[in-house]
Every structure is written in C-alpha cells, then in structure tokens.
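how would this look folded up:
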Amino acid sequence: MALIGEIRQRSWILIVFIGLGMGGFLLMDMLQNNSNIGGGSTTVGEIAGKDISITEFQRRQEQLYGNSTADQYQIREGVWQYYVREALIQNEAEALGLGVSDDELSELMYGPNPQTLSPLIRQAFGGQTGQVDMNQLAQIRQQVEGGQLRPDELAYWKGLTEQIKLDRLESKINTIATAAIYAPSWMAEMMHNVNNQKADFRFVAVPYATVNDDEIKVSDKELKAYISENKGKFMSEEETRKFSYVLFNVQPTQGDSVAIMESLNEEIVKWEEDEVSDSLFIVNSLNGTYSDEFVAKDQLAPQIADTIAKLAVGTIIAPYVDGSTYKIAKLINKQVVPDSVKARHILRRVDQQGDPAVAQAQYLAANTLIDSLLRELNAGTANFDSLAVKYGQDGTSVKGGDLGVFGPGAMVPEFNNLAFYKAEVGKYYKVNTQFGIHIVQVQNKYSSGKIGYQVGYIQENIIPSQDTEKDVLRKASKFAASLEDLSDLEAKAKKAGYEVQSSPIGTRRNDFRLAGIGEGEGAREILKWAYGDAEKGDVSNEVYTFEKKGVEVYVDKFAVIGLQSVIEEGLASIEDSGTRLQAETAVKNQKKAEMIMAKIKKGQTLDAIASANAAQVQTASQVSMGTLNVPGMGTEPKVVGKVFNAKTKTNEVLAPIAGNTAVYVIEVTFKPEATPPADLPTAKQQAAAAAKGQVGSRLVESLRKQTEVYDYRYRFF
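Okay, the predicted model is just below:
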C-alpha cells in the first residue's frame, strides 16, 4: 500500500504525459464554449449532452491532482481539458466499435512484457532509470486483487486505470486515421521542391511607415468592409471582455531595504557568537545555503569575489545585493582544488522513487554488500576491476567501474565533493547518492594550483513590508472609490499622473489570467464582475489584489479596473477599440501601398527605385519556398510566392508587391529549375510521415468542432 501512496504523489507526471499526447489541441481557446443557458445549479459543464456535476468534477480533481501544489486554477483547467478529451475519445471509439478488453488492459498495466506496458505505467514506475520494476507491479496487482488498498488508494488506482483505457483508445483511433494517409508522387515532389529549390534575389523595400498616417483618411464604411472581407481575422468563437486599468505596484521602499539589512546584521552577530558548526547554523536559518563544494574565484558573485579571495577563513561579509536579495557570506574554508580527477566506482542501486519499504530493503542489502566489498579491498584480497564487473549495476561495470577523467560538477554533489575535496588518491570510500551506494576510488588528481573557496550564505529577499503594502492599498482604494465611470478613470488618472493601460487581447469568462495584469484569484474576481452586471464604460470601485509567487509569496500590485469593451461571439465590431485599430492599420497600409506603388514607374531599375525612395538595394540568398523569415524582410509570403512563381523570370524587375510591412520590388537573380527527388519512394515516405505526425492534434480538433461543449466553471470558481 505504501507503493501506491508513493506513486500517487507523482500523479502529476501522468497528467503531463496525457497533455503532451494531445498534440497541443487542448489549448484554452479551443475548449471553452460558454453559454448562459442550460445546466443545473450543480453543473460545472456539459459535454456531448452529458452533465458534469461539481461533486464529480472535484472528485476527478482529487483523483488526478490530489497531491499537487500547482496553481488551483491551472489544475482545474487541466481537469476540464481531461473531461473534454475523455468525451471526444470515448464517443468516437463507441462509434467505431473500439474498446479495451480485460486481457489487453491487464497487459497494459501489469505486463508480463515490459515493452507492452502502457506509457502511463512506464512514466509512473520507470523511476530514474526508466526501467519498470516488474516485481513492484506484481506487488501492486496482488494488493489490488486482494482488496488490500485503502479507499483513497483504490480510487486513485481506478482513476489510473481509466486513464490507461482512454490513452489506449486514442492510440487506436489515431492508428486507424494514420493508416489511411497516403502521399502521392506529386505531393512528395512538391514537398521536396518547397524545401530544396533555392533562389537568390535583390529587392527594395519601401516601408509603409514612410507615409505619414495623417495623410490617410479611413471611413467606418471602409473598416466594416475590410472586416467583412477578412472574417477569419476578426471572428471570435466566444464572448470576451477588454479592460482599461491602472496598476499600483507594490515595491520595496528604502525603509524596507534598511530593515532587511539590519536583520542580516543581527544574523552576523549571532553567527559569530554561535558555537555550532557553520553547516548547522546555515541550515537552521530560514534562507541559508550551505554546500561542501569549493568554487573558483571566477564562479563567485563578482561583487564579492575579490573580497573573498583576500579574507581570512571564518570572516563574514556585510550585507550586499545579489539580484533581488540581500546576502551575507562567510568564508568557511579555502584550499587548492583539482582541475579534474580520474576515478572508478562500484554502484549498488537503490530506487528511492519507488515503494519506501522496497527501497529500505534495497538499501540494507546494498549497504551490507558494499561494506563487505570494502573490507576485501582494504585487506587487499580482491581486485577492484573484478568486483566492479561482478557487482556493479551501471554501465561502467563492464569497464571495471572506470569513470575516466572528469571536471568539477560533472557528478552529483555527494560524489563530486568526495572525489574533489575529501578523497585521498588510492583510498576506498563509501558514498550515498540519489542512485544508490557507491565504492569510490580516486586514482589521480590533476591540479594547476587553483584555490577553491567554500562559502556559506544567508539571504533575505528584497520584498515590500506589510506597511508598504498597506500604504499602496490606501492610495489605490482612495482612487477607486472616487471613480464614476471609465472616462472619469482616464481623466483622474491623467491628473494624478497614473498610467492607464488597456488589455491587448480579450479575456473569456472562464479564464484565470489577464494579459498585462496578472492571474489567480484577483483575475477571477475581475472577470466575475465584468461578466456580471457590469456594462461597457463601467468601473469597479473595488481594488483587486495580485500576488507574486516564488520563494516567498507577497502582494506585488493592486489593480483598479474599468470595462473598456464587450466583444460578442461572432464577427468583431469596430466598436471595440482593438478591432478598430487592427482594421484601421490594415486599411491604411493598403492605401499607403497604393500611394507608394503609384510613384514607382514601370521599367525603373532597382537602384533608381531605391534612390527615389531613400532606400537601399538588398540581397536575399538561398531562399526556399519554405523560408518563413527572409533576412532584411521578415515574414513576407507574397514576396516568396512571387519569387517561385513559374512565370517569374530571372534578371527582370517585377511589378511592386504590397507586403505585410512594406512595398517590395524584386529582381530574381538565380533560380534553378526544380528537380525531382533522387529517391522518390523515400520522399513519399517522408511526406506521409509529416502528415501522419499531425493526425493526433487535427483529429481531436475535428472531433471537438462536431461536439457541443458548455463550460459553466465560472459559477463555482
């Protein structure tokens, strides 16, 4: 039962694996299709006609992420994605008559062939070596079938079983779809030419920015026409909100810095007076860093390197700034350290990621054997090479345990510190690492006489104090309470010298992060307000709190929010400022292109065009049809397409091309004829493989578009 508990602590691995298997489909913008109708008061969502209750959702969350410390909103998003994927796969499998038999499931979960185990089992039980311990699986099977699991362990195992079934069904569906893919000869030849036919060309770029915006007039009628003609760029699958806001950043004051330095100075006094070892003192401090490692001067922080090199052992350096922290440092020791060492070892493995009871048994057995081998080696009654070949459990055993010559940091810390700083050449040592128990013999040390420094640190993050936080909150609250509407926010912010910012993108009802502002509880509270009774132009008189999460969690900003726009599902409107700006920029660029092209006369050379437009003639070399970014030009598919147009001849100046950011005039100087692939069958296989590689994501996306999904999580979270 202990094994189940240990694996359950790592259940997040399974979810990551499942997420990767989705091929990128389950992005939030493809999952959320909100509706204000339907669903009972306890319904979190509805997928393909099936209701998901809040109780069921929370049970699945506990099952999948029970011990995860990740952000709760990210976890809930992962659970929702799992539900959607589960419904899509199960419905399609049922339609195709696919299933997973009991024998098949047993083989996926327990073997006996390790190669046929489910990828999820291999992820959970592979340990550090990636090799599944089949004895552990047999033990779990015995516990499951013998009814020896606790209720929570049994629930977890049932959940894992369902995940394995689902993964298997998806694999079968993908196999069916993949088998239907075929690449004809013409497709293989086309793909070959896209990547291998290379051309050189000269060009002149006249940027749209050379035309003043004031010279261009655009009407609402033109904007609406552009949006209608380019619906794909302006279509929204669901309703979103955009905000105008003022951020009140909470930053540490000079007084906060002084208080932190005073606290560290007190630590210096305690450190100097305390009689315990440096390692114990550092470990007992809240933010101490201790290591047995000796580092070279050039590996120390530059602000203390010269000082450390001159200090006597035992000296403590006064507080100094290192990034976003204040630190004090003590020179614990210094000595000449090797540049590299030559060593060999004998490893007996202990799987510390598996069942603790099994690991303990492995440790006791390994320790007993290692001690026995050490006695033989020290007595001179055994040969190291022979013992390594016989008892070693890693790849070096066949070489007598030889590790060769390696530099500092090449091995895990315990091994590294023994080999470089503690071991004497020729002697035998025992050391425990994450891999197990080793016998180590350092055969030689190579040194240039470089000094290494062992330094201990105690640090405090430079963060705002609670008093500073309260001061900023009072300022933000006073500002928010005075506001009547969005125009009032903009006017008063300007008067007070506050910056008013705008959302770069729309935010959906179930999102948990606001671009430019932050994520988490504060973002959710803003969205609840915005999707509640708020209307365009309203402001919230509440102040919303956002935290910065790291080693320490603290409030780093407050936000005062106004609802800038409501973007309805479907085709966007120019009433939204972001939509208007996007369309206006595009239409202006069209008109600028017409103005620029009208000035370029037919028959002009590139040099003449460049001179007339204060531009330069540039050269692009070895460009293929598949080139996404042309140096000096950027992403300009119209230009690249024109280069490889069958009618385009070399050494001719072509008509101007309206690109994304400029008008381009090009002259192709070198373009060889397209040649067929030397090995057509291989080219066809490669083309088919490329298409098959996209099956997973595109198939699920196709299924998603055929399925009704209603997400009501906003009612609960």
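
Now for Phe448: which residues touch it?
Residue 448: Ser, not Phe. By CB atoms under 8 Å, 6 or more residues apart in numbering, the contact set of Ser448 is Asp339. Every residue, glycine included, has its C-beta placed from N, CA and C.

domains of this protein?
Per automatic domain parsing, the structural domains of the chain span 2-179+705-715, 198-235+579-670, 238-252+464-568, 254-337, 340-446.

so for the longest one, what's the average pLDDT?
Meaning domain 2-179+705-715. What domain 2-179+705-715 shows for mean pLDDT is 77.

next one: the fourth one
This predicted structure assigns domain 254-337 an average pLDDT of 92.

again, but for stretch 376-391
Per-residue pLDDT over stretch 376-391 has a mean of 94.

List the buried residues in that stretch.
377, 382, 384-385, 387-389, 391 (16 or more other CB atoms under 10 Å).

Need those in JSON lines (columns: secondary structure and distance to Ser447).
Converted to JSON lines, those look like this (DSSP: H, G, I helix; E, B strand; the rest coil; distance: CB to CB, whole Å):
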{"residue": "Leu377", "secondary structure": "helix", "distance to Ser447": "26"}
{"residue": "Ala382", "secondary structure": "coil", "distance to Ser447": "30"}
{"residue": "Phe384", "secondary structure": "helix", "distance to Ser447": "24"}
{"residue": "Asp385", "secondary structure": "helix", "distance to Ser447": "26"}
{"residue": "Leu387", "secondary structure": "helix", "distance to Ser447": "29"}
{"residue": "Ala388", "secondary structure": "helix", "distance to Ser447": "26"}
{"residue": "Val389", "secondary structure": "helix", "distance to Ser447": "31"}
{"residue": "Tyr391", "secondary structure": "helix", "distance to Ser447": "32"}
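
Let me know the closest of those to Val350.
Tyr391 (14.0 Å; CB to CB).

Now the closest residue to that closest one other than its chain neighbours: which helix or strand?
In this structure, Tyr391 finds its nearest non-sequential neighbour in Ile346, 5.9 Å apart by CB to CB, 6 or more residues apart in numbering. Counting by DSSP states H and E, the element that carries Ile346 is strand 340-349.

From the contact counts, what lies against that strand?
helix 356-379, helix 384-391, strand 402-406, strand 436-446 (3 or more CB pairs under 8 Å, 6 or more residues apart in numbering; DSSP states H and E).

buried sites along the helix of greatest length in the chain?
Ordering each helix of the chain by length in residues (DSSP state H) puts helix 151-179 first. Neighbour-count burial for helix 151-179 flags 153-157, 159-161, 163-170, 172-174, 177-178 (criterion: 16+ other CB under 10 Å).

coming back round to it: same list (the domains of the chain) but as JSON lines, adding distance to Thr682.
Compiled in JSON lines, the domains of the chain are given as follows (distance: least, CB to CB, whole Å):
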{"stretch": "domain 2-179+705-715", "distance to Thr682": "19"}
{"stretch": "domain 198-235+579-670", "distance to Thr682": "18"}
{"stretch": "domain 238-252+464-568", "distance to Thr682": "44"}
{"stretch": "domain 254-337", "distance to Thr682": "49"}
{"stretch": "domain 340-446", "distance to Thr682": "34"}
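
Of all these, which one is nearest Tyr457?
Between Tyr457 and the domains of the chain, the tightest spacing by CB to CB is seen for domain 254-337, at 4.4 Å.
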